[in-house]
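K.L.:
please find the sequence and the predicted model below.
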Amino acid sequence: MKKLLLLAISLLLLSGCTIEREDHYIFSFGDYTIAPGYDDVEYTRVIFDLDLPETLEAKQVLKDNKVYFWNRYLADIDIANDSEKQIVADKAKVSRFVFYLSNFPDVVYKIDDIELSSSVKENCEKFGGEYIERNGYACAFGKKTGKKNNIVILYGDIFAVDQDKLDHVEIYVE
């Protein structure tokens, strides 16, 4: 009886340790979403067009891959193979996502279902982030997801008259 009870408790603890998509920051624009650190390339290919090699070596990271949506430049992503062996590229995780809002200006943007305003400062207050005023405006906030840090940085447009205007969003896991 004790062994059965111990087994049941162990299974309960193990199932409680799984990391879900909702544990990561989920960026959405219009009807599309992406969760860096959780979504893999296969999921990303369903929505976006990107050109990648067939396989990734153990612990290989591919940085600044251009992503297209309906033949329009959308974002840059990094993908990572966290395993100790070679894998098919579609199984690699999206580890970083940088979305340029000016590429799709007439869309509603959200992080975790919270709509982003056009002001970096207002968004920073919504998310309880750290507002940074150095060579333009930015806001950084994050959370722990499993053993990794899930970070969001909202950048202002340094070339605009109003540098507080939200220009691009970067979400990554390290």
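P.N.:
Looks like it came in fine. Note that the structure is predicted; figures quoted are calculated from it, not measured.

K.L.:
ok, the residue nearest to residue 104 when sequence neighbours are not counted - contacts?
P.N.:
The shortest distance from residue 104 to any non-neighbouring residue, by CB to CB, 6 or more residues apart in numbering, is to residue 29 (6.2 Å). (C-beta placed from N, C-alpha, C; glycine too.) Contacts for residue 29 (CB atoms under 8 Å, 6 or more residues apart in numbering) come out as 99, 104, 107, 108, 109, 110.

K.L.:
kindly recompute the last result at 7 Å.
P.N.:
Residue 29 sits next to 104, 107, 109 when contact means CB atoms under 7 Å, 6 or more residues apart in numbering.

K.L.:
tell me the bridge partners for the last one.
P.N.:
In this case it means residue 109. Residue 109 has these beta-bridge partners by DSSP bridges: residue 29.

K.L.:
who's in contact with residue 127?
P.N.:
With CB under 7 Å, 6+ apart, residue 127 has these contacts: residue 141.

K.L.:
of the contacts of residue 29, grab the buried ones for PyMOL.
P.N.:
Command for PyMOL, covering only those of these found buried under the criterion 16 or more other CB atoms under 10 Å:
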select buried, resi 104+109
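
K.L.:
out of the contacts of residue 29, which is nearest to residue 70?
P.N.:
Relative to residue 70, the closest of those is residue 104; by CB to CB it sits at 9.7 Å.

K.L.:
how close does that closest one get to residue 139?
P.N.:
Separation of residue 104 from residue 139 (CB to CB, to the nearest Å): 21 Å.

K.L.:
now residue 96
P.N.:
Residue 96 is 17 Å from residue 139, by CB to CB.

K.L.:
more crowded one of those two?
P.N.:
Of the pair residue 96 and residue 139, residue 139 is the one with more neighbours under other CB atoms under 10 Å, namely 26 against 22.

K.L.:
and the residue lying closest to residue 47 once chain neighbours are set aside, how far from residue 75?
P.N.:
Once flanking residues are discounted, residue 47 sits nearest to residue 32: 5.4 Å by CB to CB, 6+ apart. Per CB to CB, residue 32 is found 11 Å from residue 75.
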